[in-house]
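Engineer: Let me see the structure of the following:
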Amino acid sequence: MNSEIKFNIQLDENRVPEKLTWSAQDGGVQDEEAKAIMLSIWDSKAKESMRIDLWTKDMPVDEMKIFFHQTLVAMSDTFKRATDDEKMADTMKDFCDYFAEKLELTR
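Structural biologist: Here you go, the predicted structure:
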């Protein structure tokens, strides 16, 4: 059994993303528009992560700040589930609260 997630990136003449869409048939998602994508892939052989970070040129900065905050919070949750290290997950959450406070974000 296979599952597939697809990203489609439309670029302008300078290769800057103008439009991002994604599809995940198993999740019932078809050509949904997005303004930003952050993807991390673990290379087990090299013991390093590879990243793809893309955002459209019309992504508002205030939304990017919220996107980063929510991504950091999600990473804290994922870290706890993956490692069962509650103490470090709580420390990460403390940083997320600090990050939100300094950017004057509301949750």
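
Engineer: can you give me the strands in this protein?
Structural biologist: For the chain, the strands defined by DSSP state E occupy 5-11, 17-24, 29-34, 36-43, 48-55.

Engineer: center of the chain, which residue is that?
Structural biologist: Met38 (3.7 Å; CA atoms, centre = their mean).

Engineer: So which bits of the lengthiest helix in the chain are buried?
Structural biologist: For the chain, the helix with the greatest residue count under DSSP state H is helix 61-83. By 16 or more other CB atoms under 10 Å, the buried positions in helix 61-83 come out as 67-69, 73, 75-76, 79-80. (Each C-beta comes from the backbone N, C-alpha and C, glycine too.)

Engineer: cool, stretch 32-39 as well?
Structural biologist: 34-37.

Engineer: ok, now stretch 5-23?
Structural biologist: Buried residues in stretch 5-23, counted by 16+ other CB under 10 Å: 9, 17, 20, 22.

Engineer: Which of those lies at the shortest distance from Met50?
Structural biologist: Distances from Met50 to the buried residues of stretch 5-23, taken as CB to CB, are shortest for Ile9 (16.6 Å).

Engineer: For the closest one, give its distance to Ile37.
Structural biologist: To Ile37, Ile9 is 8 Å away according to CB to CB, to the nearest Å.

Engineer: between the two, what contacts are shared?
Structural biologist: Shared contacts of Ile9 and Ile37 (CB atoms under 8 Å, 6 or more residues apart in numbering): 20, 54.
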